[in-house]
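Novice: My questions concern the predicted model and sequence given below.
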Amino acid sequence: MRKFPLNRRALMAAATGAALAVSLGMAPAQADQVLDKVHFLIPGGAGGGWDGTARGTGEALTKAGLVGTASYENMSGGGGGKAIGYIIENAESNHGTLMVNSTPIIIRSLTGVFPQNFRDLTMVAGTIGDYAALVVAKDSPYTSVKDLVDAIKSDPRGTAIGGGSVPGGMDHLVAAMVVEAGGGDPVAMKYVAYDAGAKANAGLLSGEVKAVSTGFSEAVDLARAGEVRIIGVTSEERVPAFKDAPTIKEQGIDATFVNWRGFFAAPGLPADKLAAYQSALAKMYDTPEWETVRARNGWVNIHNSGADFTAFLENQEKVIGDLMKKLGFL
């Protein structure tokens, strides 16, 4: 008879643990490992680097069993500022949301595209790095980055470069870096801004621009489909995901760059919810499902969580700010 109270207490403890797991948005069967659901807020349109990062991360988390379900919402506008403003203004109702972002959150706050910066959000974790790439149409006369830079030197207004970010944004900045490293004038270069990478690539295929500055992972799918040619990647060495793509550096132009991508949450996110997000993302790296997504996109694992993420962003802010001043964007 004395065993009954002990069993009852055990059942009550189990029920309390399950209730706690549910309150954290976690599956009670594996309360220390699995989030029940995550909603990804994407500050740009479909087909861009943010879109691919959010959906690839959600794919890995759900297939690995770390998250029950993942949902996605594209919210374009204001160079990403619309989504940032939304998650700040509706913070309490968005504790189940992770917003993807990357280097542009630093660039656009520095240039005043939107008034907020990364400090106005809850910093969850940096997850990957994605190299940049210059791509041309499959029938383009430009076979190398030098060909493109020479054309820009000769006719800067007639050799437009497109990108999926606002003027002075990351795609613009990368193209300017390459042109300057190749001996051209980055200020004279004509840049055409599109809303996300998919529309920039459409502009390339229609002939509106001669080349596109974009994320390497975005360029790979189009290159594999035979729609574009990658003439240069901003990596130190060729990326295994697509070894046919030459680096810009191997062509004699010393321009390298890697764009980090990571996740932010609404301000005022409870500490236990933040810890759950960070735990799920950290565990994701050890899964074969993540390696499949990472390798497919040519991403580099760059994991910065919590205070390390904050320090990383503050350093990036200084480095990029100095570079933008040098190039005349600030």
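Specialist: Cool, the structure landed. Numbers count the residues shown, from 1 in each chain.
Novice: Strands of the protein, start to end?
Specialist: Shown for the chain, the strands assigned by DSSP state E span residues 35-42, 67-74, 97-102, 122-137, 161-163, 191-193, 211-215, 228-233, 258-265, 300-305.
Novice: right, so these: which one is the most enclosed?
Specialist: Comparing the strands of the chain by mean neighbour count (mean count of other CB atoms under 10 Å), strand 211-215 ranks first with a mean of 30. Any C-beta I mention is one placed from the backbone N, CA and C, and that applies to glycine too.
Novice: Now do that strand, average pLDDT.
Specialist: Strand 211-215 shows a mean pLDDT of 93.
Novice: Against Leu281, how distant is the residue nearest to Ala125 when sequence neighbours are not counted?
Specialist: Nearest non-adjacent residue to Ala125, counting by CB to CB, 6 or more residues apart in numbering: Ser305, 4.2 Å away. Distance, Ser305 to Leu281, using CB to CB, to the nearest Å: 7 Å.
Novice: who touches both of the two?
Specialist: The contact sets of Ser305 and Leu281 overlap at Val124, Ala125 (CB atoms under 8 Å, 6 or more residues apart in numbering).
Novice: Okay, helices next: where are they in the stretch 201-330 of the chain?
Specialist: Remark: helices assigned in the stretch 201-330 of the chain by DSSP state H, counting those that start in this stretch are 216-224, 271-284, 288-297, 307-326.
Novice: which of the residues in the shortest one are buried?
Specialist: Within helix 216-224, the residues scored as buried using 16 or more other CB atoms under 10 Å are Phe216, Ser217, Glu218, Ala219, Val220, Asp221, Leu222, Ala223.
Novice: Pairing partners for the residue nearest in space to the middle of the chain in the sheet, please.
Specialist: Geometric centre of the chain, nearest residue: Arg261, 3.5 Å, by CA atoms, centre = their mean. Per DSSP bridges, residues listed as beta-bridge partners of Arg261: Ser102, Ile128.
Novice: Now do the contacts for it.
Specialist: Gly49, Trp50, Thr53, Val100, Asn101, Ser102, Gly126, Thr127, Ile128, Gly129, Asp130 are the contacts of Arg261 under CB under 8 Å, 6+ apart.
Novice: And those, which is closest to Asn301?
Specialist: For these, the residue nearest Asn301 by CB to CB is Ile128; the value is 6.5 Å.
Novice: Against Ala241, how distant is the closest one?
Specialist: 12 Å.
Novice: Please enumerate the shared neighbours of those two.
Specialist: With contacts defined as CB under 8 Å, 6+ apart, no residue is shared by Ile128 and Ala241.
Novice: Got the confidence number for the closest residue to Gly262 other than its chain neighbours?
Specialist: In this structure, Gly262 finds its nearest non-sequential neighbour in Gly126, 3.6 Å apart by CB to CB, 6+ apart. Per-residue pLDDT puts Gly126 at 97.
Novice: Might one say that Gly126 is in contact with Phe264?
Specialist: No - Gly126 is beyond contact range of Phe264, at 10.0 Å (criterion: CB atoms under 8 Å).
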